[in-house]
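**Student:** here are the coordinates; sequence isn't available:
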């Protein structure tokens, strides 16, 4: 029953967004925002082109490595700061300050270091993702009740068993929140990177389309990115709710 | 009850001149070392129910953690079944804490089975022991529930069940009912008496409630303000078959009054009361 309800809700939201789109189209005109129906029909044509396939592949590749890097580095920093009190006390305010900075101002620096290719995009995407993953992991580890550790010792667990069967599951729900947010902002970082300094990827494709006034191309790519982000976030949220429900 | 189940004179766990001093905290705003406990001497007899009462902050919990092997004694020796306990939890000791230590990501059943699974016990044996213990603790109908769906008292039962399945011979309870309301506490007291009788284990209960100690224990140790020392050990003389209805007996009132007489001055000291010494001297 809740499943059908959720489906109806989603349907209503999508319908409302299409209506808003139509209204915006009437206000802004076809060059800025083409109407929903022609765009959606054009979408089917656009996704079958080689140009789309090449750019999508470039974005997926960059996003994959950026996410891998963001998760690996973010989790490592988070575990370290969560487990070691002094590191956390020193590191956390720094990361919080960095988190609030508009990271785009650092992009030129990254470009000079990593160049215009995939490494620049990956670095910029990862830069976005590392911070929330690290901060939420730190919080997750600190929030583990100390009594769990004492219980683990009275149950005579080995250190490895303690990590695997007590600390990991205890921290998992909140760590997963960090991974979900990290996913979203890493995607944002990669696309931003592509838009401003790249010859490949969906971000750069949008910018090229804009400069060539191919608004239908531009909007179809945007729609697909929206859909991808929304679906991925939905799945991650669903997992996250299942993890949190028990706690 | 048979004679064999009566508390024997056999020593089960022993503390000799045990002290615990927490070292000074390093760095700026350094705190001096804190002498939390002792010296404490105690012979815990096999099968007895011993309660420790004392003013808050007197080192009761430190006492339990040293005996459990969760903390090393600064000086002195702790032995359990003839072996020295020194910062490692010995086989046969089970601990239930004041805080809710049930694991929220596991069902009640899996919580109870947790310790057994880590010890490589056969699946059929795990099933038998967990089902048995859950039935005994009145948790059978909640086996598939998660702790978040249970009340505080029920969650504490889950923690007790998780300890009981390991068949401990010495059960240490660190104010396990401190967070519960008074009625639930009385009922949980009955539960503890029941499991003490059935398992035949020795039980050591830490509590701040004088009536709880007087009602449950064979012997009650009254602890002084910090550093905690036993200022008196009272024999209650209760029969092994007993329950919370003994709160109506005259002896219960006498024991509670005697405990309070001994502890009143110590409690005032713990509060930092100026006249504590002179009042305690009376």
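**Tutor:** Received it, and whenever you're ready, just let me know what you need. On a predicted model such as this, the values are computed, not experimentally measured, just so you know.
**Student:** element containing the residue nearest the centre of chain A?
**Tutor:** Central residue of chain A (C-alpha atoms, centre = their mean): residue A:184, 1.7 Å from the mean position. Residue A:184 is part of helix A:168-196, with elements assigned from DSSP states H and E.
**Student:** let me know whether residue B:174 touches residue B:62 as I believe.
**Tutor:** No - using C-beta atoms under 8 Å, residue B:174 is not in contact with residue B:62; the gap is 10.3 Å. For every residue, glycine as well, the C-beta is placed using N, CA and C.
**Student:** contacting residues for residue B:68?
**Tutor:** A:154, B:85, B:89, B:93, B:95, B:172 (C-beta atoms under 8 Å, 6 or more residues apart in numbering or on different chains).
**Student:** hmm, try it at 6 Å
**Tutor:** Contacts for residue B:68 (C-beta atoms under 6 Å, 6 or more residues apart in numbering or on different chains) come out as B:89, B:93, B:95, B:172.
**Student:** if we ignore the residues flanking it in sequence, what's nearest the third one?
**Tutor:** Computed as C-beta to C-beta, 6 or more residues apart in numbering or on different chains, the closest residue to residue B:95 that is not its neighbour in sequence is residue A:154, at 4.2 Å.
**Student:** now do the second one
**Tutor:** Nearest-residue entry for residue B:93: residue B:170, 5.0 Å, with adjacent residues in sequence omitted and distances by C-beta to C-beta, 6+ apart.
**Student:** quick check: the gap between the one you found and residue B:20.
**Tutor:** Using C-beta to C-beta, to the nearest Å, we find residue B:170 at a distance of 19 Å from residue B:20.
**Student:** could you do residue B:180 as well?
**Tutor:** Distance, residue B:180 to residue B:20, using C-beta to C-beta: 28 Å.
**Student:** so for the two, which sits in the more crowded spot?
**Tutor:** residue B:20 (24 against 16; other C-beta atoms under 10 Å in any protein chain shown).
**Student:** any idea which element that one lies in?
**Tutor:** Residue B:20 is located in strand B:11-22, with elements delineated by DSSP H and E.
**Student:** which residues sit against that strand?
**Tutor:** Residues outside strand B:11-22 that contact it (C-beta under 6 Å, 6+ apart): B:33-44, B:46, B:62, B:66, B:73-80, B:202.
**Student:** make a PyMOL selection of the buried ones in the residues you listed.
**Tutor:** Of the contacts of strand B:11-22, the buried ones can be selected in PyMOL as follows, counting by 16 or more other C-beta atoms under 10 Å in any protein chain shown:
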select buried, chain B and resi 34+36+37+38+40+42+44+46+62+66+73+74+76+78+79+80+202
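**Student:** helices - which of the contacts of strand B:11-22 land there?
**Tutor:** B:62, B:66 (DSSP state H).
**Student:** tell me the mean pLDDT over whichever strand or helix holds residue B:129?
**Tutor:** Taking DSSP H and E as the definition, one finds residue B:129 inside helix B:123-136. Averaged across helix B:123-136, pLDDT comes to 92.
**Student:** same check on stretch A:130-137?
**Tutor:** The predicted model assigns stretch A:130-137 a mean pLDDT of 94.
**Student:** what's the answer for stretch B:213-231, then?
**Tutor:** 87.
**Student:** figure out how far it is from the centre of its chain.
**Tutor:** Distance of stretch B:213-231 from its chain centroid, counting by C-alpha atoms, centre = their mean, to the nearest Å, is 11 Å.
**Student:** do stretch A:200-213 as well
**Tutor:** Relative to its chain's centre, stretch A:200-213 lies at 21 Å (C-alpha atoms, centre = their mean).
**Student:** what lies in contact with that stretch?
**Tutor:** A:55, A:58, A:59, A:191, A:194, A:195, A:198, A:217, A:218, A:221.
**Student:** just stretch A:51-67 next, same as before
**Tutor:** Stretch A:51-67 is contacted by residues A:46, A:118, A:121, A:122, A:125, A:126, A:186, A:190, A:200, A:201, A:202, A:205 when judged by C-beta under 6 Å, 6+ apart.
**Student:** doesn't residue B:220 lie inside a helix?
**Tutor:** No - judged by DSSP: H, G, I helix; E, B strand; the rest coil, residue B:220 forms no part of a helix; its state is strand.
**Student:** surely it and residue B:51 touch.
**Tutor:** Yes - here residue B:220 reaches residue B:51: they are 4.8 Å apart, a contact under C-beta atoms under 6 Å.
**Student:** returning to what we had before: could you check the angle the helix or strand just after the helix holding residue A:184 makes with helix A:168-196?
**Tutor:** The helix or strand immediately downstream of helix A:168-196 is helix A:202-211, counting by DSSP H and E. Computed with axes from the mean of the first three to the mean of the last three C-alpha atoms, to 10 degrees, the direction of helix A:202-211 lies at 30 degrees from that of helix A:168-196.
**Student:** for chain A, which residues score under the pLDDT cut-off?
**Tutor:** Confidence mapping of chain A against pLDDT under 70 gives the ranges A:1-3, A:246-247.
**Student:** tell me the secondary structure for residue B:166?
**Tutor:** Following three-state DSSP, residue B:166 is assigned to coil.
**Student:** and the residue nearest to it when sequence neighbours are not counted, what element?
**Tutor:** Leaving aside its sequence neighbours, residue B:166 sits nearest to residue B:115 (C-beta to C-beta, 6+ apart; 4.8 Å). Using DSSP H and E, residue B:115 falls within helix B:108-118.
**Student:** residue B:50 too?
**Tutor:** Using DSSP H and E, residue B:50 falls in strand B:49-53.
**Student:** over to residue B:232?
**Tutor:** Using DSSP H and E, residue B:232 sits in strand B:230-235.
**Student:** tell me, how many residues neighbour the residue nearest to residue B:166?
**Tutor:** Look at residue B:115: counted by other C-beta under 10 Å, it has 23 neighbours.
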